[in-house]
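>>> Sequence below, structure please.
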Amino acid sequence: MSSVTTLDEARLTRSMRPRAGIHAPVPFGEHDVIQAYTPLVRRIARRTARSVPASIAFEDILSAGWLGMAEALGRRQADMDDEHFEAYAARRVRGAILDFLRCLDPLSRSQRRARRQLTQLAGEIAAREGRLPTDEEMAKALGTTPQEYRALESELAQASLSLAQLTGDERAAMPSPEVEAAQAELTDTVAAAIRGLPERLQLVLSLYYQEELSLREIGEVLGVTESRVCQLHSAAVKKVRAELGVQVPGRAVA
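Numbering: from 1, shown residues only. Take a look at the predicted model:
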């Protein structure tokens, strides 16, 4: 079975048309070019595929890689030898694949559905109880065990994290030990300040920053107006800042 789609082959064919002052004529036929660079493109695509969620099709990754190869061929300089070109082409292939992955939602359809369900259930429990739901309450609402609920939360978080790491967000996803320790200390300090807030304000912050609900959606959960939610949010942030004595950055309130 051919590893190059008709669209990929068309892109490669266009890339090999002479452009004044940009690249040297390819010294062999179009089919030979495809055969020559297939191992390189497939190797990079396979290496990348091992690090992404299984919901992303390998053929889609491979096709993105061939687009990168087409771009590399189209920009090949006349004085570039084969060794230097392969190194350049490998960077273009990987770059094209990462650009493709950045445009994707890291969650599969079923995972997105699960995330929406968790958010809805958390909001319903919070509205009924006036506080954040426990793992046991979430598990009961889902009809599962607390262990299975925590496993689902971990799966959803890991799907997003693995793609963020692969596509160039490693510094944010995997900080240095020093930065990680400082972040952990700051997180503990902020968490302690938040625990000192009234439960209603804790709930507003949780729904806004953790569940990423809009002010309008939080208002629907709490049964208050959007402007009232804005007031509660501002009050909560001011109390946390006063407790810490610093300016705490956060998600901008729209």
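>>> hey, let's count contacts and neighbours off CA atoms from now on
OK.
>>> Tell me the spacing between L201 and V237.
Counting by CA to CA, to the nearest Å, the separation of L201 from V237 is 9 Å.
>>> which of the two has more neighbours?
L201 (22 against 19; other CA atoms under 10 Å).
>>> quick one: secondary structure of the more buried one?
Using DSSP: H, G, I helix; E, B strand; the rest coil, the structure places L201 in helix.
>>> Could I get the phi/psi values of R75?
Here the main-chain torsion angles of R75 (degrees, to the nearest 10) amount to phi -110, psi 10.
>>> I'd like the numbering to begin with 39 instead of 1 from here.
All right, first residue 39 from here; so that's R113.
>>> Run a quick neighbour tally on V71.
Other residues close to V71 by other CA under 10 Å number 16.
>>> need the contact list for G257.
The contact partners of G257, taken as CA atoms under 8 Å, 6 or more residues apart in numbering, are 263-264, 266-267.
>>> What strand or helix carries M118?
With elements delineated by DSSP states H and E, M118 resides in a region that no helix or strand encompasses.
>>> Check the one 10 residues further on too.
Following DSSP H and E, one finds A128 within helix 120-140.
>>> can you pull the buried residues of that helix?
123-124, 126-136, 138-139 (16 or more other CA atoms under 10 Å).
>>> So what touches the next helix or strand along the chain from it?
Next helix or strand after helix 120-140 toward the C-terminus (DSSP H and E): helix 147-167. Residues from elsewhere that reach helix 147-167, judged by CA under 8 Å, 6+ apart: 169-171, 175-176, 179, 194, 241, 245, 249, 259-260.
>>> ranges for the helices of this protein?
44-53, 68-87, 96-112, 120-140, 147-167, 173-180, 184-204, 208-211, 215-233, 237-243, 253-260, 264-282 (DSSP state H).
>>> how big is the angle separating the third one from helix 120-140?
Computed with axes from the mean of the first three to the mean of the last three CA atoms, to 10 degrees, the direction of helix 96-112 lies at 140 degrees from that of helix 120-140.
>>> again, but for the fifth one
Inter-element angle recorded for helix 147-167 and helix 120-140: 40 degrees (by the same axes, to 10 degrees).
>>> could I get helix 147-167 in PDB with only the CA atoms?
The C-alpha coordinates for helix 147-167 follow below in PDB (Å, rounded to 0.1, in the frame of the first residue of the first chain):
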ATOM      1  CA  ARG A 147     -15.000  13.000  21.000                       C
ATOM      2  CA  SER A 148     -15.800  10.800  23.900                       C
ATOM      3  CA  GLN A 149     -13.300  12.600  26.100                       C
ATOM      4  CA  ARG A 150     -14.800  16.000  25.200                       C
ATOM      5  CA  ARG A 151     -18.300  14.600  26.000                       C
ATOM      6  CA  ALA A 152     -17.000  13.300  29.400                       C
ATOM      7  CA  ARG A 153     -15.400  16.700  30.200                       C
ATOM      8  CA  ARG A 154     -18.700  18.500  29.400                       C
ATOM      9  CA  GLN A 155     -20.600  16.000  31.600                       C
ATOM     10  CA  LEU A 156     -18.100  16.400  34.500                       C
ATOM     11  CA  THR A 157     -18.400  20.200  34.300                       C
ATOM     12  CA  GLN A 158     -22.200  20.100  34.200                       C
ATOM     13  CA  LEU A 159     -22.400  17.700  37.200                       C
ATOM     14  CA  ALA A 160     -20.000  19.700  39.200                       C
ATOM     15  CA  GLY A 161     -22.000  22.800  38.600                       C
ATOM     16  CA  GLU A 162     -25.300  21.100  39.600                       C
ATOM     17  CA  ILE A 163     -23.800  19.700  42.800                       C
ATOM     18  CA  ALA A 164     -22.200  23.000  43.700                       C
ATOM     19  CA  ALA A 165     -25.500  24.800  43.200                       C
ATOM     20  CA  ARG A 166     -27.400  22.300  45.400                       C
ATOM     21  CA  GLU A 167     -24.800  22.000  48.200                       C
END
